[in-house]
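Peer 1: any chance you can model this:
(chains A and B)
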Amino acid sequence: EDKVVQSPLSLVVHEGDTVTLNCSYEVTNFRSLLWYKQEKKAPTFLFMLTSSGIEKKSGRLSSILDKKELFSILNITATQTGDSAIYLCAVEGGNFNKFYFGSGTKLNVKP
Amino acid sequence: IAGITQAPTSQILAAGRRMTLRCTQDMRHNAMYWYRQDLGLGLRLIHYSNTAGTTGKGEVPDGYSVSRANTDDFPLTLASAVPSQTSVYFCASSGTSGSNEQFFGPGTRLTVL
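Peer 2: Okay, the predicted model is just below:
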């Protein structure tokens, strides 16, 4: 059964802390792994990863994929209250190129 | 239209009623998806369509049906709504050549009483 598992389920940190969010997967016919940030409404795209070992970076956020060990991490450095959100990991794959989502990590950054 | 839209934004519905959630995209994406999002369960795929004229079942298809008459529109129908279908529904689309990002609509909050 194809599945995506995220950890931790929730996290509370203070501004300035660095956090690491984890995503492991077992998905046949892997095509890509995507990270999304969800605040009040629809998920918004952060990164798409297709190759192992290549770090994607955007400001204080970065992500890397390990296709051998079947996981990805999302790092956020110097966290701010505006980083508070649910972070979703999704893997595109399966028999019909579907997207499989993890249950998300709820991040709460306190002032 | 820019991107992907959904209607209605929210709806309260009596159990047993029929309801269609609308989704339209103007990005000429081949693939479209319907998800429901419930607390603690993340996004679960209901139905998907890889191209106009084809549809497939996702993880939780029971009680829902879809159609894909053209590239732009992908309506989701609840034939006879039940309270367990109370959820937030997201429509999404993506291209199908190679690996692609998914774009999400703003969501429809549905309450079935």
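
Peer 1: tell me what the lowest-mean-pLDDT helix or strand in chain A is packed against?
Peer 2: Ranked by mean pLDDT, DSSP states H and E, the weakest helix or strand in chain A is strand A:98-101, scoring a mean of 88. Using 3 or more C-beta pairs under 8 Å, 6 or more residues apart in numbering or on different chains; DSSP states H and E, the elements in contact with strand A:98-101 are strand A:3-7, strand A:85-93, strand B:31-38, strand B:42-49. To be clear about C-beta, it is placed using only N, CA and C from the backbone, and glycine gets the same treatment.

Peer 1: show me what the next helix or strand after it is in contact with.
Peer 2: For strand A:98-101, the following helix or strand on the C-terminal side (DSSP states H and E) is strand A:105-110. Contact with strand A:105-110 is made by A:6-15, A:17, A:19, A:21-22, A:76, A:79-87, as judged by C-beta atoms under 8 Å, 6 or more residues apart in numbering or on different chains.

Peer 1: strand A:105-110 vs strand A:3-7, what angle?
Peer 2: Between strand A:105-110 and strand A:3-7, the angle comes out at 20 degrees (axes from the mean of the first three to the mean of the last three C-alpha atoms, to 10 degrees).

Peer 1: buried set for strand A:105-110?
Peer 2: Residues of strand A:105-110 classed as buried by neighbour count (16 or more other C-beta atoms under 10 Å in any protein chain shown): A:105-107, A:109.

Peer 1: B:Met27: which of those is nearest?
Peer 2: A:Thr105 (28.5 Å; C-beta to C-beta).

Peer 1: show me what B:Thr108 is bridged to.
Peer 2: For B:Thr108, the beta-bridge partners are B:Tyr89 (DSSP bridges).

Peer 1: pLDDT score assigned to it?
Peer 2: Note on B:Thr108: pLDDT of 97.

Peer 1: gap between it and A:Ser7?
Peer 2: When distance is defined by C-beta to C-beta, to the nearest Å, B:Thr108 is 30 Å away from A:Ser7.

Peer 1: and those two? Which one has more around it.
Peer 2: B:Thr108 (22 against 13; other C-beta atoms under 10 Å in any protein chain shown).

Peer 1: does the more buried one really touch B:Ser87, like I thought?
Peer 2: No - at 9.1 Å, B:Thr108 does not count as touching B:Ser87 under the criterion of C-beta atoms under 8 Å.

Peer 1: which residues of the chain fall in strands?
Peer 2: If you meant another chain, say so; for now it's chain A. A:3-7, A:10-14, A:19-26, A:32-38, A:44-49, A:56-58, A:61-66, A:71-76, A:85-93, A:98-101, A:105-110 (DSSP state E).

Peer 1: wrong chain, I was asking about chain B
Peer 2: Under DSSP E, chain B gives strands at B:4-7, B:10-13, B:19-25, B:31-38, B:42-49, B:56-57, B:64-66, B:76-78, B:87-94, B:103-104, B:108-112.

Peer 1: the third one near chain A at all?
Peer 2: No - using C-beta under 8 Å from any C-beta of the partner chain as the criterion, no contacts between strand B:19-25 and chain A are found, and the smallest distance is 12.0 Å.

Peer 1: now what about that strand, what contacts it?
Peer 2: Strand B:19-25 has contacts (C-beta under 8 Å, 6+ apart) with B:1, B:3-8, B:11, B:13, B:32, B:34, B:72-78, B:81, B:89, B:91, B:93, B:103, B:105, B:108, B:110.
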